[in-house]
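*Asks:* how would this look folded up:
(chains A and B)
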Amino acid sequence: MSESSCVAELVKVHRIVRTIVRYESLQREIRGIFLTALEERGIVNDAALEREARRALREEGRDADREALNEYKNALIDLYFARHFTQSEIDNHINLARKLEAFQHLHEVVNREDATSARIKKALKAFCEIPQGNLYIPPSEAEGVRVALISHFISSQLPFVGVAKNHITIRDIDELIDHCYWNRRRSGKIGGKAAGMFLAYKIILPRLQECDPELEKYIHVPESYYFNSGNFSDFLDYNRLYSFHSQKYKASETIEEEYRNMSALFKKASFPPDVIEDFREFLQKVGEHPLIVRSSSLLEDSFGYAFSGKYESVFLANQGELQNRLNDFMWGLKRVLMSIFSPAAILYRRDHQLIDFDERMSALVQKVVGRRFGPYFFPFAGGVAFSQNAYAWTPRIIREEGMVRMVLGLGTRAVDPVESDYPRMVPLSHPTLRPEVEPARIRKYSQKLIDVINLEARRVETIPYVDLFGRIDYPDLYYALSSYANEHMAAPMYKTQTVALQNSIITFENFLTKTPFVPLMKKVLRRLEEAYGHPVDVEFAWDDDRLYILQCRSLAVGEKIGRVVLPDNVAPDAILFTNNVGVFNGIVRDVEYIVYVDPKAYTLLDTYEDKMLIARLVGKVNRLLKGKRYALFGPTRWGSSDINQGVKVGYEDINHTLILAEVAFKEDGSTPEVSYGTHFFNDLVEASILPLAIYPDRPETVFREAFLLEAPNLLASLVPDFAACRDVVRVIDVPARTDGRCLQVYQDGQGQQGIGFWSHADQ
Amino acid sequence: MDRFNPFTTAQQQLDEAAGELGLDPATHELLRWPMHEIKATLPVRMDDGSTRIFHAFRIQYNTARGPAKGGIRWHPQETVDTVRALAAWMTWKTAVVDIPLGGGKGGVVCNPKELSEREKEQLARAYIRAMARSLGVTKDVPAPDVYTTPQIMAWMMDEYETIVGENHPGVITGKPIPLGGSQGRGDATARGGIYVTREAAQAHGIDLSGQSMAVMGFGNAGQHAALLGEEILGLKLVAASDSKGGVYNPSGIDAAQLVDYKLKNGQLKGFPHAEAVTNRELLELDATVLFPAALEDVITRDNAPRIQCRICCELANGPTTPDGDGILNDKGVIVLPDFLANAGGVTVSYFEQVQNSNNLYWELQEVHWRLDKKMTHAFQSVYEMSQKKQISLRRAAYLVAVARVAEACKLRGWV
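*Replies:* Below you'll find the predicted structure:
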């Protein structure tokens, strides 16, 4: 050995000794790890070291007692380690010893009965401050701590934990805590929506497993902050609003009435001063960037219960004076909190046997994805994507490749039913395929209005896209628009090609064919579904060549019943209807009552009030028929916010029906649009309500309207107060009119064929 | 249950006209049947590598007055009898507007809702390969129809030119403008309807200036009818509707503003300064001119007695049922029948073919001027026939058309 390498080795040994002295309490552990590593590489083992130490001591003329032997062995370990390992390997092995110690402490703290968040955070911080290196704690040992941490800070829903423990590391939780605003007085979790989003990112962009370069390049996390449920518990304590915890046990009418007055009460209530200071500091930190305050309750987005649209999400322009921003922010938080007491949410919980769960609200606050153009702020596109595509109008569409429902601008228009405006529905297996063929129909069933945040007016605005892009210079129209002139529709051929807005249609043609969006989204959905072991839906935004996942949850899917085979021996006079568009798999047997809202009579109602009365009546009949096997048939677009398009019912007005059928007569403007992907639709699927659409004017469709119009109407006896509506709403006792037979409904989603017919229960 | 057969209906209509004209049996029989039918089986390689077989037709119903003219339909429920019936109606339509063309129609049994763009292109080209020998500016000139678009016409034209090795843009009409499409096609249907409305009013001594109009259906034809009704006829738009409902203001609605509103909002509902009106109510409003421009069978025996307009210009196909038609005629409503009122489209298609053949393209004004001449002449012929025989314009239009085709057959010595 040359003199210089001898010196280098000496220096390395010196460094080891110095470090070991620094972590004196870990001497034994560090050398134990060194020795194991030396043995693993076949350099030296414990017995050989022992022999060498004895020989050396003999040569020195010293006694080979245990102390002397150990001293010599330790020196030899340091020497061999310095000789055969690089400096960074040395550091990694020392850090592994440190991590194991910190880990033991964390393990102990997190599993204590009286563990407080503060203690756990301190132990977690101590662990995470040690450089990660590339030597890890054995996964089996880490799993217990991961589970405990996930349960404590994120979610204790077992199905969630079961998935999350495989993807969220201890360090991920530390990172999450850094973005959390905890309450000093009350503990809490970050809630389901935040948990779902966080988990999604950890599945897509894992910390420990190999990353996919494409995902690394395009997937980005919106800057997110978590205001855990402790903040809201503290708010209720501070304002002595404890009684609201019992709101859920009151009668529906009382809940509705009290909810109407709640807003004024919450406006007056305030957050404690220290919490307000936290908010102020938070707003200073994020600056004047638009925010969205999203509900993230403990139950929300848990597996199987999506709470679609039950809780509020509030956009904040977050512009101007800090005090104004603070006031807006606090009101946004209060609105989100208040929505936990809303009638729709409470009813949903009742229906899903979740009412006794101590539901608490957290908030996920995110910087809104987008860019500013003039006074407007919006992303290129937003929407919702599904890993399984139930909206397949042709068997060619591969359901397993998923689908996307997207809009230009804020994604709000893609998740709520919107009147006369249509998001782009994209089957990911065939992204350019659509159920309309001619350009005029494509225009009709396309998006016309866009949701944006007006930063000057400090509100979300809905404006015709033609107006918006007439006012601002937007660089990405190439990806969104197609020109439509003289009956010819075509996507722009090059980026600088001018498309006259008046002669344009939002088609996303170039976006779907000339960006990586489609393969990327397919990959994301596949990964998430594999990790969840269940179909998922995600809310997303796309802007500036980046894909942001805003939310992920397990998708509401109907009971898996395999291929439904339609009976082929039904007598023609026993058929009530056939359908073959937008058919979802399902079988509903033995329906005893049909409630028929006559679409033609409904259209003829003159006033808004008359139509609202029908919506109320439907709700009333629904409550009266609770426990009966009934099916609801009526005009298209149930639940539409536009009363002229459909009966304006909420989930609570239809939750006892087994079937929700849309009868689309041509004159009512039958549309290919189904509400698939909207919150309303998710409710149906979760509640096992079978949706179906009947197009009576299609030649191949059977619809025996006369039966529904001529059968005796039970409405007047069922709801005497509403007898005047008997021409619009008909309640029919099916067995009474069919010799004791019931309605049997078979829907074959794969073959896109459905039938409803009479038969006895045992047939 | 027997399925409705449109070709049987078409033959019945011809039988009635033949009887009224006193056509000799041979001419009548000749006109009852297509002169030339082509059935083709088209193999198309799909995106997934499989091959699918499509069945296709081309019916050249009658070419006595010129090359066959008519669209190509792509529809999953297509039948040869539907194509035959539509080819017959094209024969009468080209004859009534007196353009030197015969009638034809094509169809492919397919569902374009499940075909990718590449597959559509393959199918379009396969169709032309199968039919090319029978197509051409001097033989048969297809055009877009149900589920076929200008882009599909462009592919078809290209395939045809590849086969014959020459430039023949006139082999097909309804092409995108950069490939030889005509100016003025966008509003041709509505404009043709407006010209015949003008002539009808004049013939009946009705001064339309300042009078009212209602438009049912606010797609392409309806929007242009409202704009041109205002611009050319001086009509005041009082009501319009689309599938979501309508708007009404007896004091008048600015048509351009309404079109702009529809474009931006996708619906008429919510247009300011107008009250809501249903489609049914719109038909029964007090308006001088009614343009049914959307759906079939909206004027029936149920509502016809309450319809108040003086002129009903059928821009849509078949908006009036036979019962409803009878009632309107009895009430003295001037019904401008669909195959005259909406013949502006096929006329401009013919103009496209003429320009292609001459390789010389007209200014928009020239298209308008020529269309005006054709439609005016067409109305006058039909009106004269209706006066002479004291029959409705619908019946008169049939008689004019059939007589013209019969005359051409005769002159050729076919009968």
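*Asks:* Pairing partners for the nearest residue to residue A:411 once chain neighbours are set aside in the sheet, please.
*Replies:* Closest residue in space to residue A:411, ignoring its immediate chain neighbours: residue A:382 at 2.4 Å, by CB to CB, 6 or more residues apart in numbering or on different chains. Where C-beta positions appear, they are placed from N, C-alpha and C, glycine not excepted. Beta-bridge partners for residue A:382, by DSSP bridges, are residue A:407, residue A:541.
*Asks:* so what's residue A:382 up against?
*Replies:* A:369, A:406-407, A:409-412, A:414, A:539-542, A:550 (CB atoms under 8 Å, 6 or more residues apart in numbering or on different chains).
*Asks:* same check, this time on residue A:734
*Replies:* By CB under 8 Å, 6+ apart, the neighbours of residue A:734 are A:591-594, A:741-743, A:758.
*Asks:* try 6 Å
*Replies:* A:592, A:594, A:742-743 (CB atoms under 6 Å, 6 or more residues apart in numbering or on different chains).
*Asks:* Up against chain B, what does the stretch 251-400 of chain A have?
*Replies:* For the stretch 251-400 of chain A, the residues in contact with chain B (CB under 6 Å from any CB of the partner chain) are A:394, A:396.
*Asks:* hmm, try it at 7 Å
*Replies:* When proximity is defined as CB under 7 Å from any CB of the partner chain, the stretch 251-400 of chain A approaches chain B at A:393-394, A:396.
*Asks:* can the residues you listed go into TSV with extra columns for distance to residue A:514, secondary structure and pLDDT?
*Replies:* Formatted as TSV, those follow (distance: CB to CB, whole Å; DSSP: H, G, I helix; E, B strand; the rest coil; pLDDT from 0 to 100):
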residue	distance to residue A:514	secondary structure	pLDDT
A:393	25	coil	70
A:394	24	coil	75
A:396	23	coil	84
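*Asks:* Now residue 247. Nearest residue, chain neighbours left out?
*Replies:* Let's take chain A. residue A:341 (4.9 Å).
*Asks:* Chain B, not that one
*Replies:* Per CB to CB, 6+ apart, closest to residue B:247 is residue B:274, 3.8 Å.
*Asks:* Any idea how many residues pack against the one you found?
*Replies:* Neighbours of residue B:274 under the rule other CB atoms under 10 Å in any protein chain shown: 23.
*Asks:* cool, and residue A:387?
*Replies:* Residue A:387: 29 neighbours (other CB under 10 Å).
*Asks:* now residue A:587
*Replies:* Residue A:587: 15 neighbours (other CB under 10 Å).
*Asks:* circling back: can you pull the phi/psi pair for the residue nearest to residue B:247?
*Replies:* Dihedral angles of residue B:274 (phi, psi; degrees, to the nearest 10) stand at phi -150, psi 150.
*Asks:* Within the helices and strands, which one has whichever residue of the stretch 51-200 of chain A sits closest to chain B?
*Replies:* At 30.9 Å from chain B, residue A:200 is the closest residue in the stretch 51-200 of chain A, using CB to the nearest CB. According to DSSP states H and E, residue A:200 maps onto helix A:192-204.
*Asks:* contacting residues around that helix?
*Replies:* Residues from elsewhere that reach helix A:192-204, judged by CB atoms under 7 Å, 6 or more residues apart in numbering or on different chains: A:154-155, A:160, A:163-164, A:167-168, A:172, A:176, A:215, A:219, A:221, A:224, A:226, A:294-302, A:362, A:364, A:524, A:527-528, A:531, A:538, A:549-553.
*Asks:* avg pLDDT for that helix?
*Replies:* Mean per-residue pLDDT for helix A:192-204: 90.
*Asks:* Which SSE is immediately downstream of that helix?
*Replies:* helix A:213-218.
*Asks:* neighbouring strands for the helix or strand following that next one, and are they parallel or not?
*Replies:* Counting by DSSP H and E, the next helix or strand C-terminal to helix A:213-218 is strand A:219-220. Sheet pairing for strand A:219-220, assigned by DSSP bridges, gives strand A:546-554 (parallel).
*Asks:* check contacts around the residue nearest to residue B:247.
*Replies:* Here residue B:274 is in contact with B:247-249, B:253 (CB under 7 Å, 6+ apart).
*Asks:* Could you do residue A:604 as well?
*Replies:* Contacts of residue A:604 (CB under 7 Å, 6+ apart): residue B:278.
*Asks:* Please repeat the previous calculation with a cut-off of 10 Å.
*Replies:* A:598, A:610, A:727-728, B:278, B:280-281 (CB atoms under 10 Å, 6 or more residues apart in numbering or on different chains).
*Asks:* quick one: which of the residues you listed is nearest residue A:699?
*Replies:* Closest approach between the contacts of residue A:604 and residue A:699, by CB to CB: residue A:598, at 22.2 Å.
*Asks:* Count the neighbours of residue 312 for me.
*Replies:* If you meant another chain, say so; for now it's chain A. 20.
*Asks:* Hmm, no, I was thinking of chain B.
*Replies:* Counted with other CB under 10 Å, residue B:312 comes out at 26.
*Asks:* Check the gap between it and chain A for me.
*Replies:* According to CB to the nearest CB, to the nearest Å, residue B:312 and chain A sit 18 Å apart.
*Asks:* Test my guess that that residue contacts residue B:303.
*Replies:* No. Counting by CB atoms under 10 Å, residue B:312 sits too far from residue B:303 to count as a contact (12.0 Å).
*Asks:* what do those two both touch?
*Replies:* What both residue B:312 and residue B:303 touch, as defined by CB under 10 Å, 6+ apart, is the set B:283, B:324.
*Asks:* Now the residue in the stretch 251-400 of chain B positioned nearest to chain A. Nearest residue, chain neighbours left out?
*Replies:* Proximity of the stretch 251-400 of chain B to chain A (CB to the nearest CB) peaks at residue B:264, 3.3 Å away. Once flanking residues are discounted, residue B:264 sits nearest to residue A:464: 3.3 Å by CB to CB, 6+ apart.
*Asks:* sorry, back to before: return the closest of the contacts of residue A:382 with respect to chain B.
*Replies:* Closest to chain B, out of all of the contacts of residue A:382 and judged by CB to the nearest CB, is residue A:407, at 13.1 Å.
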